[in-house]
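J.: I would like to see how this sequence folds:
(one chain, ligands or ions: 1)
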Amino acid sequence: MYGITSKDVIRMTFEVGYGTEIWGNSYCLDMAYGYNIGALTITTGRLEIEEELEIIREYKPNIFADVSSRVFFLTNQLKKLCELKELGIKKFLIGAEPTPNSMRKNIEESWGADVFIGYGITEIGLLMAGECEIKQGMHLSELNFLTEIVDPETGEQLEDGEIGEIIYTTYNREGMPLVRYNSHDMGRIIPGLCDCGLPLKRIEIKGRTDDLIPIGAGDNLFIKMFDEALFKIPEISEYQVIFDKKDNKDLITIVAESTVLTDLISNKIINAVMKMPEIKNGMDKSKTVAKPVVKLVKLNTFDRNSIKRRRFIDNRNLYD
Ligand SMILES: [Zn+2]
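T.: Model prediction:
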């Protein structure tokens, strides 16, 4: 996958400290690219920015693999220390979490590189699906498992193109076969064949069922929408969203790490969030959503290891 050959040098920096991530990401990629293909893999956990730059300069990797938010963070930090295009990284293999288009564009333009997004779940494997050079959806590894998209409420199978819950059945798993395993990921099969000619179906992941946050009068927000809205603003490197109830309305507070702490940035964030149809509806029509509030904080305020799991905090039930 991704046209990797024995001439490639691949830098991998997946987080160390969680059993699943060591065995899942770095180990699998080491086996796939290093052991099987013969590429040089340079694997460590997360390093400080300056150390990372030293490693890149010394080993000159042309491919870099990690989760999207880490690559985005590195991009924005390394940019301050050097000209990224001169470092020679031409491909980023990222995934393991939703990657908004704005984030991908920022990484690609900053490095003059291609970003390829992959997808996997702990229970089945790391490279269950991956993008081809056309980058319009991820081709499913259909020889290894069956993929079904179903209505989350009724369990009924949906047509290609329709968004639903993704269910997997493994074909060749010996130790832990899975039969109609509900991943709780939401997504759709992209109708039609890909221009690259590969006959494998393509999937688009929209988020997780537990990524849906009820807002206002019966609307649901996909939390990925905040990624799309906020990472478009170049000054923002990380954020947290807190949902509260105030005067019977949903109050959304966005705490954002920004390179500059000015009202201009706060207003950009408020405008971006107020454009989300569910929030706009709640504010203008049903009057169930209050105007969002923004608090800007300095870079590196959030702990990078825990922010992914604590990006959305819903305090509203506490008031019941
Ligand atoms: Zn393709």
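J.: read off the pLDDT value for Val71.
T.: Taken from the predicted model, the pLDDT recorded for Val71 is 92.
J.: now it: phi and psi?
T.: For Val71, the backbone dihedrals (degrees, to the nearest 10) come out as phi -60, psi -40.
J.: and if you look at Tyr119?
T.: According to degrees, to the nearest 10, Tyr119 has phi -150, psi 140.
J.: likewise for Glu50?
T.: Dihedral pair for Glu50: phi -60, psi -40, per degrees, to the nearest 10.
J.: repeat for the one 5 residues further on
T.: According to degrees, to the nearest 10, the main-chain angles of Ile55 amount to phi -60, psi -40.
J.: for Thr301, see how far away it is.
T.: Distance of Ile55 to Thr301, given as CB to CB, to the nearest Å: 26 Å. Glycine gets a C-beta too; all of them are placed from N, C-alpha and C.
J.: do Lys79 as well
T.: Taken as CB to CB, the span from Lys79 to Thr301 is 19 Å.
J.: same question for Met138.
T.: 33 Å.
J.: more neighbours: which of these two?
T.: The neighbour comparison of Met138 against Thr301 (other CB atoms under 10 Å) goes to Met138, with 25 against 15.
J.: which ones are touching the more buried one?
T.: For Met138, the contact set (CB atoms under 8 Å, 6 or more residues apart in numbering) comprises Ile117, Gly118, Tyr119, Ala129, Gly130, Glu131, Arg202, Ile203, Glu204, Ile205.
J.: against Ile149, how distant is it?
T.: From Met138 across to Ile149, the span is 14 Å (CB to CB).
J.: is Met103 in contact with Ser68, as I believe?
T.: Yes. Shown here, Met103 and Ser68 form a contact pair, counting by CB atoms under 8 Å, at 6.1 Å.
J.: so for the two, which residues contact both of them?
T.: Common neighbours of Met103 and Ser68, using CB under 8 Å, 6+ apart, do not exist here.
J.: which non-adjacent residue is nearest Asn300?
T.: Leaving out its chain neighbours, the residue that sits closest to Asn300 by CB to CB, 6 or more residues apart in numbering is Glu257, at 7.1 Å.
J.: select only the buried ones of the contacts of Met138 in PyMOL?
T.: Buried residues within the contacts of Met138, by 16 or more other CB atoms under 10 Å, are selected in PyMOL with:
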select buried, resi 117+118+119+129+130+131+202+203+204+205
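J.: same list (the contacts of Met138) but as JSON lines, adding secondary structure.
T.: Listed next are the contacts of Met138 as JSON lines, based on DSSP: H, G, I helix; E, B strand; the rest coil:
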{"residue": "Ile117", "secondary structure": "strand"}
{"residue": "Gly118", "secondary structure": "strand"}
{"residue": "Tyr119", "secondary structure": "strand"}
{"residue": "Ala129", "secondary structure": "strand"}
{"residue": "Gly130", "secondary structure": "strand"}
{"residue": "Glu131", "secondary structure": "strand"}
{"residue": "Arg202", "secondary structure": "strand"}
{"residue": "Ile203", "secondary structure": "strand"}
{"residue": "Glu204", "secondary structure": "strand"}
{"residue": "Ile205", "secondary structure": "strand"}
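J.: the ion contacts on the chain?
T.: Within the chain, the positions near the ion by CB under 5 Å from the ion are Cys132, Ile134, Cys194, Cys196, Leu198.
J.: can you tell me how far the nearest residue to Asn172 once chain neighbours are set aside is from Ile121?
T.: Spatial nearest neighbour of Asn172, chain neighbours left out: Asn144 (6.1 Å); criterion: CB to CB, 6+ apart. Here the distance between Asn144 and Ile121 works out to 13 Å (CB to CB).
J.: how about Gly155?
T.: To Ile121, Gly155 is 19 Å away according to CB to CB.
J.: out of these two, which sits in the more crowded spot?
T.: A count of neighbours by other CB under 10 Å puts Ile121 above the other of Gly155 and Ile121, at 17 against 13.
J.: report the contact partners of the more buried one.
T.: Ile121 touches Met128, Tyr168, Ser183, Asp185, counting by CB under 8 Å, 6+ apart.
J.: sheet-wise, list the partners of the host helix or strand of the last one with their directions.
T.: Yep, that's Asp185 we're talking about. Assigned by DSSP states H and E, Asp185 belongs to strand 181-190. Here strand 181-190 is paired, per DSSP bridges, with strand 164-170 (antiparallel), strand 202-208 (antiparallel).
J.: any chance of the ones you listed in CSV, plus mean pLDDT?
T.: Formatted as CSV, the strands paired with strand 181-190 follow (pLDDT from 0 to 100):
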stretch, mean pLDDT
strand 164-170, 93
strand 202-208, 86
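J.: which helix or strand contains Val255?
T.: strand 249-258.
J.: quick check: Leu29 vs Ile223, distance?
T.: Distance of Leu29 to Ile223, given as CB to CB: 27 Å.
J.: which one's more surrounded, these two?
T.: The neighbour comparison of Leu29 against Ile223 (other CB under 10 Å) goes to Leu29, with 22 against 16.
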